[in-house]
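Student: Need coordinates for the following:
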Amino acid sequence: MAEGAASQPPRRCRDAGARGELIERAHALGVPRDYGRSRGLRIQREPLQLVPIGADIHDRVQWLQPPAARALLRMREAAQRDGVPLQIVSAFRSIEYQLGIIERKLGRGLTMAEILRVSAAPGYSEHHTGRCVDITTPGFTPLEEEFEHSPAFAWLQRNAATYRFALSYPRGNRHGIAYEPWHWCWRARSPRH
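Tutor: Predicted coordinates:
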């Protein structure tokens with residue numbers, strides 16, 4: 001059964017040794033060893049708990065950490081009240097699943113440089129945290145920059161921070177990852193000093 005297709009949470013890689021093996025496989029495929037340092041990215045741990053957030057646009061069950069899932073539900077309800085449907089394209093992705101994305105893209109003939117411009121290397125994706133979601137809306141091609149011209153993107157720009165979601169990869173971001181107007185990540189509150 002495909003990951004995310006069942007009502008059981010997807011398999012996660014919480015063991016540091018297993019995580020290291022998957023990252024080594026990514027290096028063997030061509031991910032530079034200094035990837036994290038050169039991109040200003042750190043290894044992302046997979047969460048202990050995930051809860052379903054409903055089906056994505058392909059009718060696959062998607063998962064987030066409980067606080068991110070609650071915030072997303074409130075945000076989607078508020079957007080819907082404003083007449084703006086927010087549809088899920090993708091949420092939690094395991095390190096293993098991210099490695100499969102890289103392998104499939106290499107199999108289609110893309111270079112590692114091309115892949116790493118639009119996809120984080122296995123181990124470094126915010127999707128591993130269970131706090132991020134890729135969003136679309138009817139009438140717009142999922143995972144394309146055209147989403148920035150949608151009413152949904154305008155709504156998110158005005159309102160997402162209220163629910164502690166932030167756009168992770170704006171134009172010209174310091175990580176060298178392509179602009180992703182669809183990629184929003186829930187941020188835990190900072191401790192007060």
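Student: How are the helices of this protein distributed by residue range?
Tutor: 16-29, 35-39, 66-81, 95-107, 112-118, 151-159 (DSSP state H).
Student: comparing those, which gets the lowest mean pLDDT score?
Tutor: Set side by side, those differ in mean pLDDT, and helix 16-29 is lowest with a mean of 92.
Student: what angle separates that one from helix 95-107?
Tutor: Calculated by axes from the mean of the first three to the mean of the last three C-alpha atoms, to 10 degrees, helix 16-29 forms an angle of 10 degrees with helix 95-107.
Student: and the helices of the chain as a markdown table, adding mean neighbour count and distance to residue 141?
Tutor: In this view, the C-beta of every residue, glycine as well, is placed from N, C-alpha and C. As requested, the helices of the chain are arranged in a markdown table below (neighbours: other C-beta atoms under 10 Å; distance: least, C-beta to C-beta, whole Å):
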| stretch | mean neighbour count | distance to residue 141 |
| --- | --- | --- |
| helix 16-29 | 15 | 28 |
| helix 35-39 | 15 | 26 |
| helix 66-81 | 17 | 19 |
| helix 95-107 | 17 | 18 |
| helix 112-118 | 15 | 14 |
| helix 151-159 | 17 | 13 |
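Student: ok, the nearest residue to residue 22 once chain neighbours are set aside to residue 166 distance?
Tutor: Spatially, and ignoring its direct neighbours in sequence, residue 22 is nearest to residue 95 (4.8 Å; C-beta to C-beta, 6 or more residues apart in numbering). Distance, residue 95 to residue 166, by C-beta to C-beta, to the nearest Å: 23 Å.
Student: on that earlier part again, verify the contact between the residue nearest to residue 22 and residue 123 for me.
Tutor: Yes - counting by C-beta atoms under 8 Å, residue 123 is a contact partner of residue 95 at 5.4 Å.
Student: Skip the chain neighbours and tell me the closest residue to the residue nearest to the spatial centre of the chain.
Tutor: Nearest to the mean C-alpha position of the chain, by C-alpha atoms, centre = their mean, lies residue 127 at 3.4 Å. Nearest non-adjacent residue to residue 127, counting by C-beta to C-beta, 6+ apart: residue 93, 3.9 Å away.
Student: count of residues packed around that neighbour?
Tutor: By other C-beta atoms under 10 Å, 26 other residues sit near residue 93.
Student: Could you chop the protein up by domain?
Tutor: For the chain, automatic domain parsing gives the domain ranges 51-92+130-193, 95-127.
Student: Need those domains in a markdown table (columns: distance to residue 22).
Tutor: Output for these, formatted as a markdown table (distance: least, C-beta to C-beta, whole Å):
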| stretch | distance to residue 22 |
| --- | --- |
| domain 51-92+130-193 | 16 |
| domain 95-127 | 5 |
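Student: Out of those domains, flag the one nearest residue 42.
Tutor: Nearest of the domains of the chain to residue 42, taken as C-beta to C-beta: domain 95-127 at 7.2 Å.
Student: ok, the residue nearest to the centre of the chain - contacts?
Tutor: Going by C-beta atoms under 8 Å, 6 or more residues apart in numbering, residue 127 touches 90-93, 98, 120.
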